[in-house]
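Enquirer: Pasting a predicted model and its sequence here:
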Amino acid sequence: MEKFFDPKSVVVIGASNTAFNLGATICNMLKDYLQYKGAVYTVNSKGETVNGCAGYSSVMDIPEIPELAVIIVAAKNVPRIIRDCAQKGIKRIIIESAGFSEGGKTGKEMQREIDDIAKANSIRIMGPNCLGTLDTRTKFCCFYGVNPSLVEMRQIFETPGTMSYIIQSGGIAVLVMESLYYDLVGINKVVSIGNKSDVDEADLINYFQNDETQVIGIYLENVDKGRKLMEAAQKSRKPVLIYKVGRTQEGVMAAMSHTAGMANNDLIFENACRQAGIIRLQSIDELHSLPKMFTEMPLLKGKRVAMFTNSGAFGSISADLLVEAGLQVVRLKPQTQEKLQKAGQVFNIKNPVDIGPAPPQTYLDIFEILLSADEVDGLLPLLSVWQTFVIDTLLELLKMCKHYNKPAAIYTPNAVAKSIAIRAKHRIPIFESPEQAVRALSVSNFYYESLRKRNLISSGLSEDNEGISRSETKAAS
């Protein structure tokens, strides 16, 4: 699998100097933008060099056996090219061309022909109808048509992260990459698998267990091998987040026309996800908004949540959200309330804890009181940044969460642009709405419980002040 992400040589079949040629954009990405160190060859009818990449009229003429072939030609020509690759000895192929099993009877026949050739020659294929792979650490990317000046590619590659995506749609891949850049978690790898005639999401979940990946995000339009997927997810020591289309009949039909394959019975899929410990996402934006809850915070080991706000209305709003999410608005013990009363400037010592204008120490004292309370499993701070010192207290909160091994899902009731700017500048895991923050707590608790049910963590973690933190999750893999 590694050669799909870190090949020592690549051939782009279909790259040419024709205007708007998509294969040429791959050559440009590799050689001019990423300064890829390996050899890049091109194959086209004229055998011409493309963007400094040596050109040949056939893969048979290339002076070495490339470790990876990327095919982006008309679908009708792909079976012949696959035969040439097999004869050459190429064992890893990405087919970015469309028009196969999603394109009717002729396309399905070509797909079967390709599959037969690959199987007979021990070739692994990604695609067809995909974008291919991106790896920020090896600085490899074979996405076609990407203009680095329009996508934050440079920043994505300059700040490698721990989030890896498995995406059936190329458009969704670009969306989540751009969106995640404006959040906290960096990209490790992105795979666009398209029709997944061979390499599928289960193969990649297994592969990501042994690299820098910390959280796995998946966008699916169909599930061909449900048991294989569920078994891979069930064994995973890393959170698997899936957004799958096809909840309605109309969605099923749309998925069939896009990447070929029935979107399956959604109720069955939902129940299977729950048993396997898969976090089923409710919206596309959760693919980039939720990962920080796993990378920046301990897991929520119970359902009892304390709220702390300097704007009472958001306490009321979030109380409803917590209950609707299956969490508990914890009843604070008398001794906890007594400590809060002594903190000063506290309007309400019950949950949600509500304060008026107060100095920084009041914020810090309340964080400490709530996180140290035995009856509190996690914290939902709803704190408007009305003074810059609030930012400083939130930075201290991050340290306290690690110390007490309890998470906080932070929401700042300010304009979204302001909250995002604070998040980016100070690296604070701020959510953009109370709904996002509550949802993050909910999935954190679901994942913790799923680990326990799958016997992937021991009991009594809170008593031992242990847990699945960022470093432990990575080490356990």
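Expert: Looks like it arrived, so ask away.
Enquirer: and the residue sitting furthest away from the middle of the chain, how far is that from Gly315?
Expert: Going by Cα atoms, centre = their mean, the residue of the chain most distant from its centre is Lys342, 43.3 Å out. Using Cβ to Cβ, to the nearest Å, one gets 21 Å for the distance from Lys342 to Gly315. Placement of C-beta: from N, CA and C, glycine included.
Enquirer: what comes up buried for stretch 145-152?
Expert: Neighbour counts over stretch 145-152 (16 or more other Cβ atoms under 10 Å) mark Gly145, Val146, Pro148, Glu152 as buried.
Enquirer: Model confidence score at the third one, please.
Expert: Model confidence at Pro148, given as pLDDT, is 73.
Enquirer: List the residues that contact it.
Expert: Pro148 makes contacts with Met29, Tyr33, Arg154, as judged by Cβ atoms under 8 Å, 6 or more residues apart in numbering.
Enquirer: helix, strand or coil for the last one?
Expert: Pointing back at Arg154 there. helix (DSSP: H, G, I helix; E, B strand; the rest coil).
Enquirer: where's it relative to Ile187, distance?
Expert: Taking Cβ to Cβ, one finds Arg154 at 12 Å from Ile187.
Enquirer: coming back round to it: can you give me the mean pLDDT across the helix or strand the residue farthest from the centre of the chain falls within?
Expert: According to DSSP states H and E, Lys342 maps onto helix 334-343. For helix 334-343, mean pLDDT rounds to 94.
Enquirer: Tell me the buried residues in that helix?
Expert: Buried residues in helix 334-343 (16+ other Cβ under 10 Å): Thr336, Gln337, Lys339, Leu340, Ala343.
Enquirer: contacting residues around Ala437?
Expert: With Cβ under 8 Å, 6+ apart, Ala437 has these contacts: Ser318, Leu380, Leu382, Ala409, Ile410, Tyr411, Phe431.
Enquirer: just Gln345 next, same as before
Expert: Per Cβ under 8 Å, 6+ apart, neighbours of Gln345: Ile355, Gly356, Pro357, Ala358, Pro359, Thr362.
Enquirer: Spatially, which two of those are the most separated?
Expert: Gly356 and Pro359 (11.3 Å; Cβ to Cβ).
Enquirer: and stretch 154-173, what's its mean pLDDT?
Expert: 91.
Enquirer: Check stretch 411-419 too.
Expert: 96.
Enquirer: Name the residues of it that are buried.
Expert: For stretch 411-419, using 16+ other Cβ under 10 Å, the buried residues are Tyr411, Thr412, Pro413, Asn414, Ser419.
Enquirer: ok, now stretch 350-360?
Expert: Result for stretch 350-360 [16+ other Cβ under 10 Å]: buried residues Asn351, Pro352, Val353, Asp354, Ile355, Ala358.
Enquirer: Which parts of the stretch 51-200 of the chain are strands?
Expert: Ranges of strands within the stretch 51-200 of the chain are 55-56, 68-71, 92-95, 124-126, 132-135, 140-141, 163-167, 187-192, based on DSSP state E, counting those that start in this stretch.
Enquirer: what sits up against the first one?
Expert: Contacts to strand 55-56, defined as Cβ under 8 Å, 6+ apart, come from residues Ala15, Tyr41, Thr42, Val43, Asn44, Lys46, Gly47, Glu48, Thr49, Ile62.
Enquirer: Please report how far the second one lies from Arg274.
Expert: If you measure Tyr41 against Arg274 using Cβ to Cβ, the figure is 47 Å.
Enquirer: who has more neighbours, the two?
Expert: Set side by side, Tyr41 and Arg274 show more neighbours around Tyr41, with 24 against 13, by other Cβ atoms under 10 Å.
Enquirer: Contact partners for the more buried one?
Expert: Tyr41 touches Ser9, Val10, Val11, Val12, Cys53, Ala54, Gly55, Tyr56, Ile62, Pro66, counting by Cβ under 8 Å, 6+ apart.
Enquirer: Return the backbone torsion pair for it.
Expert: The phi/psi pair for Tyr41 (degrees, to the nearest 10) reads phi -110, psi 160.
Enquirer: repeat for Gly145
Expert: Dihedral angles (degrees, to the nearest 10) for Gly145: phi 70, psi 10.
Enquirer: right, and it touches Thr25 too?
Expert: Yes. Gly145 is within contact range of Thr25, at 5.4 Å (criterion: Cβ atoms under 8 Å).
Enquirer: ok, back up a step: would you reformat the buried residues of stretch 145-152 as JSON lines and include distance to Met1?
Expert: Putting the buried residues of stretch 145-152 into JSON lines (distance: Cβ to Cβ, whole Å) gives the following:
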{"residue": "Gly145", "distance to Met1": "25"}
{"residue": "Val146", "distance to Met1": "23"}
{"residue": "Pro148", "distance to Met1": "26"}
{"residue": "Glu152", "distance to Met1": "27"}
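Enquirer: and which of these is nearest Pro239?
Expert: Looking across those and measuring by Cβ to Cβ, the closest to Pro239 is Glu152, at 24.3 Å.
Enquirer: Domain map for the protein?
Expert: 1-128, 161-296, 298-461 (automatic domain parsing).
Enquirer: Find the helix or strand that Leu370 is a member of.
Expert: Residue-wise, Leu370 maps onto helix 360-372 under DSSP H and E.
Enquirer: Return the angle between stretch directions for that helix and helix 334-343.
Expert: 170 degrees (axes from the mean of the first three to the mean of the last three Cα atoms, to 10 degrees).
Enquirer: So for the helix or strand following helix 360-372, what gets flagged as buried?
Expert: Downstream of helix 360-372, the next assigned helix or strand under DSSP H and E is strand 378-382. Judged by neighbour count (16+ other Cβ under 10 Å), strand 378-382 contains these buried residues: Gly378, Leu379, Leu380, Pro381, Leu382.
Enquirer: Perfect, I'm done here.
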